[in-house]
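**Q** sequence first, predicted coordinates after that:
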Amino acid sequence: MIIQDSDPSNIARLRWQCRRGMLELDVLLEAFLKQHYVALSPRLKRHFVQLLELPDPIIHAWCVQGQQPEDEAFAELIASIRATRVA
Amino acid sequence: MALEKQRFDTLILGAGGAGLNAALQLANADLKVAVVSKVFPTRSHTVAAQGGVNAALANVLPDNWHWHMFDTVKGSDYLGDQDAIEYMCREAIPTVYELEHNGVPFSRLSNGKIYQRAFGGQSQNFGGEQAVRTCAAADRTGHAILHTLYQQNIRAKTHFYDEYFAVDLIKDDEGVVLGALVLNIATGEPLLIESKTTLLATGGCGQVFRTTSNAHINTGDGMAMALRAGLPLMDMEFFQFHPTGIAGKGMLITEGVRGEGGYLINQDGDRFMEKYAPNAKDLASRDVVSRSIVTEVRDGHGCGPEADHVMLKVNHLSEDVIAKRLPGIRESARIFAGVDPVKEPIPVFPTAHYVMGGIPTDRFGRVMPTSEDNGAHLPGLYAAGECACASVHGANRLGGNSLLDILVFGRLAGHNIIDYVKDNGAHRPLNEAAVEQAMGRLQRWRTKGEGLTVSQLRNEFRKTMEDHAGVFRVEEMMAEGVEKVRQIREKLGDVRLTDHSSTFNTNRTEALELENMIDVGLSIAVSALHRKESRGAHSRPDYPKRNDAEWMKHTLYWNEGDKLDYKGVRVQPLTVERFPPQERVY
Ligand SMILES: Cc1cc2nc3c(=O)[nH]c(=O)nc-3n(C[C@H](O)[C@H](O)[C@H](O)COP(=O)(O)OP(=O)(O)OC[C@H]3O[C@@H](n4cnc5c(N)ncnc54)[C@H](O)[C@@H]3O)c2cc1C
């Protein structure tokens, strides 16, 4: 089955996958999904889906602590996640 | 469509450190094990534990389990059961070695032994010099443990139900648990898992408070399932708050900030801790600082448009100091509070961190259904981890002791289940009426129409818990809080889903979680109202002293009629002399 980016059930799935073991990630990833996901390019959407598959401490190091991802491909996505307004 | 059913020797609800360590013992013994988790296992909240796990390995300084036991009994403010505490502190050592053998990548000292760090509340020689007892895998101990246990379970062929939500336990007429009804979050389809034994390992419930350091998944589901199955919760009034969470968001701002010279101010810019703790000021103990913050806010000195928090000032420290000594704080404050602490103070409020209470168990993880202390337990039902209360933390837990609790009692529950299944090899007949009842909980949410939304009632509930059952606990406002939460429980009937789809319906999952949180919240509010003393994390300005003559006993709460009962603390350890209560000064 091919899942379309805009498929509402895909967004619903991603929303549940933003539920993490760390509060910081819950808040940041959910806000990002809600505010920015739909408008992302297909490439960045793909990166977001890949990001959610990674362990929490890695996502935390990149998105909260500001460490540079080794994989350059993620850098653009991480920068926009870090710019999400949650306050 | 007929309800799908599966059968296992053991059903484990929860895939955090407690659930996975139990599962591993069982799968290694060739039992057929199912582990159910509402999120992918390695996203369980255990991943957030960065500090480490206590065990008296004596790798850095002299240490032994007996000193660890003393510290834990004292830390519990003498409400912990001394037999269970002795057991945990002894078992800590083989438990950590077993983890090491299973592949947990603990950090190393230069001599190759497991690295240990010092935490508050650890002493040598029964209250002497600082001890160094916390074993760590860099700052990712929880992750390292979860990851290793998960891999080992995959190897041992544990069957995982990832992204399944446990709805309710199924019991027969004799009260024996036959398994649980679970919901496939991806499809919205229910599934009945029948089992000879069931272990609840669903973690904590910090989400019942508006401001919490806990992840969104920590909604006390297993505790509420126990309540609905007619079981009590024990010592729920004991909730550990951390004084400085980001206001309205909850993320921890470490104590280190105040250690480096940061201090708290109110609306007028006054350094108010000078008034409440003239000597220690901002470095007073956690409960004193928490209560002072809430008092300032209650007296109308709070900051912000709602005057509902205070400020943590660090901008008098140089950018260099902040970058070097407090890495991470600047980023957290920037992202979650929208302030740059180099330039402006950080809005903070006490954040709910850890629940000491839970489903009462003996030291083998067996659930104890009554207030009689006669060894009675419910055959086949176990609980371990933060959802359980083996009574090792009493009125307050020490840092590094909760990872220990989940691992030790998860492991021991596993061993006990192996013995139980040997003697009770057959599945008992299913109780269809109980299945119907559990299904009713799902069907109720199919009702369409206008009503309150889940998030409206959840916000009202969490704010009420924070205001009336949080840090500041005086009779009148707590009594008011109990009434308010009861009214909120009534309003649940008016809540309607805004989304009725079946696939990954987070709205429905959050509705089920809200029901659970309200049941658990009431257990906290009612238990706290009736404990008329101050002990450990439960502090009552109207009863400021610990009262051992009347209150050295555990609270038990049942949700039917909000009933309370009490049972004595087990003060007799297994092999050593008891530690008599002393005043707890550090
Ligand atoms: C920020 C933070 C830092 C901490 N640091 C430390 C530390 O350094 N040292 C220490 O000792 N302790 C620490 N703690 C406490 C410790 O992390 C927890 O007490 C412990 O991890 C709880 O483990 P657990 O196995 O009981 O539950 P969890 O790890 O919370 O796992 C619960 C499991 O139950 C599942 N679950 C829950 N409800 C359902 C349901 N309805 N259906 C299906 N599955 C369900 C979840 O998916 C999850 O798999 C910290 C806590 C916090 C908040």
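**A** That came through, no problem.

**Q** which residues of chain A score low on pLDDT?
**A** Per-residue confidence for chain A (pLDDT under 70) gives these ranges: A:1-9, A:87.

**Q** element containing the residue nearest the centre of it?
**A** The structure's chain A has its C-alpha centroid closest to residue A:48; by Cα atoms, centre = their mean the separation is 4.4 Å. When elements are assigned from DSSP states H and E, residue A:48 belongs to helix A:42-52.

**Q** and the closest residue to the residue nearest to the centre of chain A other than its chain neighbours, how far is that from the ligand?
**A** Distance criterion Cβ to Cβ, 6 or more residues apart in numbering or on different chains; nearest residue to residue A:48, sequence neighbours excluded, is residue A:77 at 6.1 Å. Backbone N, C-alpha and C define where each C-beta goes, glycine included. Residue A:77 sits 25 Å away from the ligand, going by Cβ to the nearest ligand atom, to the nearest Å.

**Q** which phi and psi values does residue A:77 adopt?
**A** Per-residue torsions, residue A:77: phi -60, psi -50 (degrees, to the nearest 10).

**Q** tell me which stretches of chain A form helices.
**A** Using DSSP state H, the helices of chain A run over residues A:8-17, A:23-36, A:42-52, A:56-63, A:75-82.

**Q** redo these as CSV? Include distance to residue B:492.
**A** What follows is the helices of chain A, written out as CSV (distance: least, Cβ to Cβ, whole Å):
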stretch, distance to residue B:492
helix A:8-17, 23
helix A:23-36, 24
helix A:42-52, 32
helix A:56-63, 32
helix A:75-82, 35
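
**Q** residue B:216 belongs to a helix, doesn't it?
**A** No - using DSSP: H, G, I helix; E, B strand; the rest coil, the secondary structure at residue B:216 is coil, not a helix.

**Q** from memory it sits against residue A:19, does it?
**A** Yes - counting by Cβ atoms under 8 Å, residue B:216 touches residue A:19, with 5.7 Å between them.

**Q** any shared contact partners between the two?
**A** Here residue B:216 and residue A:19 share the contacting residues residue A:26, scored by Cβ atoms under 8 Å, 6 or more residues apart in numbering or on different chains.

**Q** one step back: what about the residue nearest to residue A:48, distance to residue A:44?
**A** Applying Cβ to Cβ, to the nearest Å, one obtains 5 Å for the distance of residue A:77 from residue A:44.

**Q** more neighbours, the two?
**A** Each of residue A:77 and residue A:44 has its neighbours counted (other Cβ atoms under 10 Å in any protein chain shown); residue A:77 has more, 24 against 18.

**Q** how about the helix or strand encompassing residue B:21 and the ligand, touching?
**A** For residue B:21, the enclosing helix or strand under DSSP H and E is helix B:17-28. Yes - under the criterion of Cβ under 6 Å from any ligand atom, the ligand is reached by helix B:17-28 at B:17, B:18, B:19.

**Q** pick the one among those residues closest to residue B:154.
**A** Taking Cβ to Cβ as the measure, residue B:19 is the one of the residues of helix B:17-28 next to the ligand closest to residue B:154, at 14.2 Å.

**Q** in the stretch 201-350 of chain B, which residue sits closest to the ligand?
**A** Here the stretch 201-350 of chain B gets closest to the ligand at one residue, residue B:203, 2.5 Å apart by Cβ to the nearest ligand atom.

**Q** next, count neighbours for that residue.
**A** When neighbours are defined as other Cβ under 10 Å, residue B:203 has 32 of them.

**Q** so it sits against residue B:16, correct?
**A** Yes - if you go by Cβ under 8 Å, residue B:203 and residue B:16 touch, sitting 5.3 Å apart.

**Q** need the residues touching each of these two.
**A** When contacts are counted by Cβ under 8 Å, 6+ apart, the set common to residue B:203 and residue B:16 consists of B:44, B:45, B:46, B:385, B:386.

**Q** surely the third one meets residue A:21?
**A** Yes - in this structure, residue B:46 sits in contact with residue A:21. The criterion is Cβ under 8 Å, and the distance is 6.8 Å.

**Q** show me the common contact partners of these two, please.
**A** Between them, residue B:46 and residue A:21 share the contacting residues residue B:142, judged by Cβ under 8 Å, 6+ apart.

**Q** the nearest residue to residue B:581 once chain neighbours are set aside in helix, strand or coil?
**A** The shortest distance from residue B:581 to any non-neighbouring residue, by Cβ to Cβ, 6+ apart, is to residue B:78 (4.1 Å). For residue B:78, the secondary-structure state derived from three-state DSSP is coil.

**Q** can you count the residues close to residue B:78?
**A** Residue B:78 is flanked by 22 other residues according to other Cβ under 10 Å.

**Q** so what's it up against?
**A** Taking Cβ under 8 Å, 6+ apart as the criterion, residue B:78 is in contact with B:394, B:395, B:546, B:548, B:552, B:569, B:579, B:581, B:582, B:584.

**Q** so what's the second one up against?
**A** Counting by Cβ under 8 Å, 6+ apart, residue B:395 makes contact with B:76, B:77, B:78, B:79, B:80, B:235, B:238, B:356, B:535, B:536, B:537, B:538.

**Q** okay, the residue nearest to residue B:581: pLDDT?
**A** We have a pLDDT of 97 for residue B:78.

**Q** before we move on, what about residue B:1?
**A** The per-residue confidence score, pLDDT, reads 66 for residue B:1.

**Q** phi, psi for whatever residue of the stretch 301-450 of chain B ends up closest to chain A please.
**A** When you check the stretch 301-450 of chain B against chain A by Cβ to the nearest Cβ, the closest residue turns out to be residue B:338, at 3.0 Å. The phi and psi torsions at residue B:338 (degrees, to the nearest 10) take the values phi 70, psi 20.

**Q** for the residue of the stretch 201-350 of chain B closest to the ligand, helix, strand, or coil?
**A** Note that with three-state DSSP, the state of residue B:203 is coil.

**Q** quick one: contacts for the closest residue to residue B:545 other than its chain neighbours?
**A** The shortest distance from residue B:545 to any non-neighbouring residue, by Cβ to Cβ, 6+ apart, is to residue B:534 (6.3 Å). Going by Cβ under 8 Å, 6+ apart, residue B:534 touches B:540, B:543, B:544, B:545, B:546.

**Q** how many neighbours does the third one have?
**A** Think residue B:544. The local packing count at residue B:544 equals 9, with neighbours defined by other Cβ under 10 Å.

**Q** give me the element it is part of.
**A** Under DSSP H and E, no helix or strand contains residue B:544.

**Q** that one and residue B:551, how far apart?
**A** Distance of residue B:544 to residue B:551, computed by Cβ to Cβ: 13 Å.

**Q** how about the secondary structure of the closest residue to chain A within the stretch 401-550 of chain B?
**A** When distances are taken as Cβ to the nearest Cβ, the stretch 401-550 of chain B approaches chain A most closely through residue B:504, which lies 3.8 Å from it. Here residue B:504 takes the coil state, with states given by three-state DSSP.

**Q** tell me who's in contact with it.
**A** By Cβ under 8 Å, 6+ apart, the contact set of residue B:504 is A:9, A:12, A:13, A:15, A:16, B:185, B:186.

**Q** need those residues in a markdown table (columns: neighbour count and distance to the ligand).
**A** Shown next, in a markdown table, are these (neighbours: other Cβ atoms under 10 Å in any protein chain shown; distance: Cβ to the nearest ligand atom, whole Å):
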| residue | neighbour count | distance to the ligand |
| --- | --- | --- |
| A:9 | 15 | 21 |
| A:12 | 20 | 18 |
| A:13 | 19 | 16 |
| A:15 | 18 | 16 |
| A:16 | 19 | 11 |
| B:185 | 25 | 9 |
| B:186 | 17 | 13 |
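
**Q** CA atoms only for the helix holding residue B:21, dumped as PDB, please.
**A** Listed in PDB are the C-alpha atoms of helix B:17-28, where the atom choice follows Å, rounded to 0.1, in the frame of the first residue of the first chain:
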ATOM      1  CA  GLY B  17      12.300  -1.100  32.300                       C
ATOM      2  CA  ALA B  18      10.000  -3.000  34.600                       C
ATOM      3  CA  GLY B  19       8.000  -4.800  31.900                       C
ATOM      4  CA  LEU B  20      11.000  -5.600  29.700                       C
ATOM      5  CA  ASN B  21      13.100  -7.000  32.600                       C
ATOM      6  CA  ALA B  22      10.200  -9.200  33.700                       C
ATOM      7  CA  ALA B  23       9.600 -10.300  30.100                       C
ATOM      8  CA  LEU B  24      13.200 -11.300  29.600                       C
ATOM      9  CA  GLN B  25      13.300 -13.600  32.600                       C
ATOM     10  CA  LEU B  26      10.100 -15.300  31.300                       C
ATOM     11  CA  ALA B  27      11.000 -15.600  27.700                       C
ATOM     12  CA  ASN B  28      14.400 -17.000  28.700                       C
END
